[in-house]
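>>> could you look at this predicted model? Sequence included:
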Amino acid sequence: MSMTLIDELSRLGTPVLADGCLRTNVPIRCAPASLRPLVASMRCAGRARPVRHAGSIDVFLEALQGPGARGEVLVVDNGGRLDEACVGDLVTLEAKGEGMAGIVIWGLHRDVDELAGIGLPIFSLGALPTGPRRLDPRPADVLRRAVVGTHDVTRGDVVVADANGVLFLPEDRLDDIVAAATAVRDTERRHVEAMETGRSFRAQVRFGEYLSRRARDAGYSFRQHLEDIQAAGEA
C-alpha cells in the first residue's frame, strides 16, 4: 500500500469511506459503536497488524518484531472482555517507538493519563485498572487474525479510525473505495458551500420534484432520485 494512498485515507473520514463502500458494493465492516477513541480528536489509518491476546503482553512484543510495523495499526483481539485491561503504557510506548499509526483494542486499556500523554491514537471499549490474571493457550493464528465485534481482521485489511468509529477496508478494493469516498466528500462540500450562501439542501436536490415523482410512483426512492440528478450532472 503506497504512502500516497495512506495520505488520501488520512484526509477522508470514516463516514465518507463507509459511503464509498456502499457505492462500490464492498461490505461495510464497522467495529461496534462501543469502541471509542481515548481522546475524541484521535484518528489513524494504516494496514492492520492483528494480534490475539492470551493473557500476557509478550504476544504484543512478538507482533512488533516483524518487519514493516511503521505506519500500521495494531489490532488487538481480547474477545471484547470487560474484566481486564490488556494494553497499557509500556505496550503503547513500544508501538509508538516502532512508528505504528495507532492501536485498536477489542477489549480494555489502562494507564489512561499515561496513554493520553504518549499521544498514540488508541481506540478501545474503555478503561479498567486491573490487568489479566490468566494465561491461556495461544491460538494457532495468534498473529494472523483478530476478531473485532463480528468481523475478522487480517493483514489484508486496512484500518481507518476516528471519532465516528473504526472501519475495516479490504486492501485489494482500496483504490475503488477511496475514489468513491473522495467523490462523496467533494459532493457534500459543494452542498455545504451552497447552503452557506443561502441555498437550502432541499433546493439543491430538487426535493419538490422528488415528492411529485414519488406521488406518481410509490416505489421511487430518494436514493434513486439522487442517482438520477447526479447522473444528469445536476447535483
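Received, thanks.

>>> helices of the protein, start to end?
Counting by DSSP state H, the chain has helices at residues 3-10, 14-23, 58-65, 89-97, 112-118, 174-196, 201-204, 207-216, 222-231.

>>> leaving out chain neighbours, which residue sits closest to Val26?
Arg173 (5.2 Å; Cβ to Cβ, 6 or more residues apart in numbering). No exception for glycine: its C-beta is placed from N, CA and C like everyone else's.

>>> an error on my part: the question was meant for Leu169.
Here the residue nearest Leu169, using Cβ to Cβ, 6+ apart, is Val158, at 4.7 Å.

>>> the residue nearest to Val26 is in contact with Asn25, isn't it?
No: here Arg173 does not reach Asn25: they are 9.3 Å apart, not a contact under Cβ atoms under 8 Å.

>>> so which of the two has more stuff around it?
Comparing Arg173 with Asn25 by neighbour count (other Cβ atoms under 10 Å), the higher total belongs to Arg173, at 17 against 8.

>>> any regions of this protein where pLDDT drops low?
Scanning the chain for pLDDT under 70 picks out the ranges 1-3, 231-235.

>>> next, the angle helix 14-23 makes with the strand with the most length in it.
Criterion DSSP state E: the longest strand present in the chain is strand 44-52. Note on geometry: by axes from the mean of the first three to the mean of the last three Cα atoms, to 10 degrees, strand 44-52 and helix 14-23 are set 80 degrees apart in direction.

>>> ok, residues contacting strand 44-52?
Defining contact as Cβ atoms under 8 Å, 6 or more residues apart in numbering, one finds that strand 44-52 is touched by 1, 6, 9-10, 59-60, 62-63, 66, 69, 71-77, 100-102, 121, 138-139, 141-146, 153-155, 157-161, 168, 171.

>>> hmm, 6 Å instead?
Applying Cβ atoms under 6 Å, 6 or more residues apart in numbering, the set of residues contacting strand 44-52 from outside is 1, 9-10, 59, 63, 71-77, 101-102, 121, 139, 142-143, 145-146, 153, 157-161.

>>> tell me how far it lies from the chain's centre.
Centroid separation between strand 44-52 and its chain, computed with Cα atoms, centre = their mean, to the nearest Å, is 10 Å.

>>> CA atoms only: put it into CSV for me.
Only the C-alpha atoms of strand 44-52 are listed here, as CSV (Å, rounded to 0.1, in the frame of the first residue of the first chain):
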residue,chain,number,x,y,z
CYS,A,44,-5.4,6.9,12.5
ALA,A,45,-5.2,4.9,9.2
GLY,A,46,-2.9,2.0,8.2
ARG,A,47,-2.6,-1.6,7.3
ALA,A,48,-3.9,-3.9,10.1
ARG,A,49,-1.4,-5.8,12.2
PRO,A,50,-3.7,-8.3,14.0
VAL,A,51,-2.8,-10.0,17.3
ARG,A,52,-4.8,-12.2,19.7
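
>>> pull out the buried positions in that strand.
Cys44, Ala45, Gly46, Arg47, Ala48, Arg49, Pro50, Val51, Arg52 (16 or more other Cβ atoms under 10 Å).

>>> with stretch 80-95 instead?
Gly80, Arg81, Glu84, Ala85, Cys86, Val87, Gly88, Asp89, Val91, Thr92, Glu94, Ala95.

>>> just the endpoints, please. Distance across it?
End-to-end distance of stretch 80-95 (Cα to Cα, to the nearest Å): 21 Å.
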